[in-house]
Structure formats: structure tokens, C-alpha cells
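In: Provide a 3D model corresponding to the input given below.
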Amino acid sequence: MKQYEMWIGGKWVDAESNKTYPVYNPATGEELTRLPLGGASDVDTAVIAARRAFPIWSKKSQAERSQIVSKIAALIRENAQELGNIDTLDHGSPLKRAAFSAAKLSDRFAAAGDGCHGSDEAGCAADLSE
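Out: All right, here's what the predicted structure looks like:
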């Protein structure tokens with residue numbers, strides 16, 4: 001069974017409490033994996049890490065940010081089938097729909113990264129949340 005961790009401060013980590021919770025296949029009841037059960041201290045750690053990263057991120061040019069977001073989009077696109085499989089196992093989405101949703105997400109990331117110019121950062125964030 002594949003184990004997952006949380007991405008905090010540029011590295012994969014377990015919950016500070018080492019607690020996990022099971023994820024079951026709704027069709028079979030089979031335990032698929034266990035995920036970290038993050039708590040308040042994990043949230044605090046993530047917020048601190050984000051605050052530390054902000055000065056670096058905020059000094060990047062729009063072109064640099066777009067390039068990073070485009071890389072994320074490419075990785076989502078490259079792994080759309082696997083992400084779709086996970087989605088299907090997790091809550092029963094039809095496989096074609098789940099893989100399509102992952103691919104569509106990658107397109108939205110790419111479009112948001114390309115379209116966020118000037119000082120309209122709120123508009124860029126809105127593009128990703130739709």
C-alpha cells in the first residue's frame with residue numbers, strides 16, 4: 001500500500017502526531033491507503049513555511065512565476081491517468097471523467113499562469129479557484 005505525506009516547507013513530511021486515517025474504495029470497502037492526519041501544529045508549520053517562502057516568491061517576475069506554474073500544469077497533464085485512477089478508486093468517479101478532470105485542471109493552471117499580468121493578483125487567484 002502506497003503511503004502519502006504532506007508537502008510542507010519544501011519537503012514531504014508525516015503529521016507531527018504520526019496519526020493517519022484510512023481511505024477506502026467505496027465499491028469494495030478495501031483500504032487503499034492511509035493519509036497523514038494533520039493537526040493544528042502541522043497547519044502552524046505550513047503557515048510559517050509559506051510566510052518564509054513569500055518574500056522569495058514575491059520577488060519573482062511574472063515570467064518566472066508563469067514558468068513554474070506551467071511546470072506544475074505539465075506534471076498534472078503527464079500524470080492525468082494516474083490522478084484519474086486515484087480519483088476513481090477514492091470516490092467512484094468514472095475513469096474517463098476523472099482523467100479528463102485532471103487534464104482540465106492542468107489546462108486551467110497553465111492558463112492562469114499565462115494570464116496573470118500586472119498587479120491584478122486577486123484576479124489571478126480567482127482564475128485558479130473557479
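In: Tell me which residues of stretch 73-90 come out buried.
Out: For stretch 73-90, a neighbour-count test (16 or more other C-beta atoms under 10 Å) marks 73, 76-77, 79-80, 83-84, 86-89 as buried. Every residue, glycine included, has its C-beta placed from N, CA and C.
In: ok, residue 23 - how many residues close by?
Out: For residue 23, the count of nearby residues is 17 (other C-beta atoms under 10 Å).
In: Show me the buried residues of stretch 73-90 that map onto helices.
Out: 73, 76-77, 80, 83-84, 86-89 (DSSP state H).
In: Return the member of the residues you listed nearest to residue 17.
Out: Nearest to residue 17 among these: residue 86, at 24.4 Å, using C-beta to C-beta.
In: In this protein, where is pLDDT below threshold?
Out: The model of the chain has pLDDT under 70 over residues 98-100, 109-110, 112-130.
In: now the helices for it?
Out: Under DSSP H, the chain gives helices at 40-58, 62-78, 80-91, 95-115, 121-129.
In: elements contacting the second one?
Out: Meaning helix 62-78. With contacts taken as 3 or more C-beta pairs under 8 Å, 6 or more residues apart in numbering; DSSP states H and E, helix 62-78 sits against helix 95-115.
In: follow-up on the earlier one: of the helices of the chain, which is nearest residue 20?
Out: Taking the helices of the chain one by one with C-beta to C-beta, helix 40-58 is closest: 12.4 Å.
In: related to what we said a few turns ago, need the ones in helices among the buried residues of stretch 73-90 in CSV (columns: distance to residue 30).
Out: Output for these, formatted as CSV (distance: C-beta to C-beta, whole Å):
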residue, distance to residue 30
73, 32
76, 26
77, 29
80, 24
83, 19
84, 18
86, 14
87, 16
88, 13
89, 9
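In: For residue 45, which non-adjacent residue is closest in space?
Out: Using C-beta to C-beta, 6 or more residues apart in numbering and skipping residues adjacent in sequence, the residue nearest residue 45 is residue 8, 5.6 Å away.
In: Cool, thanks, signing off.
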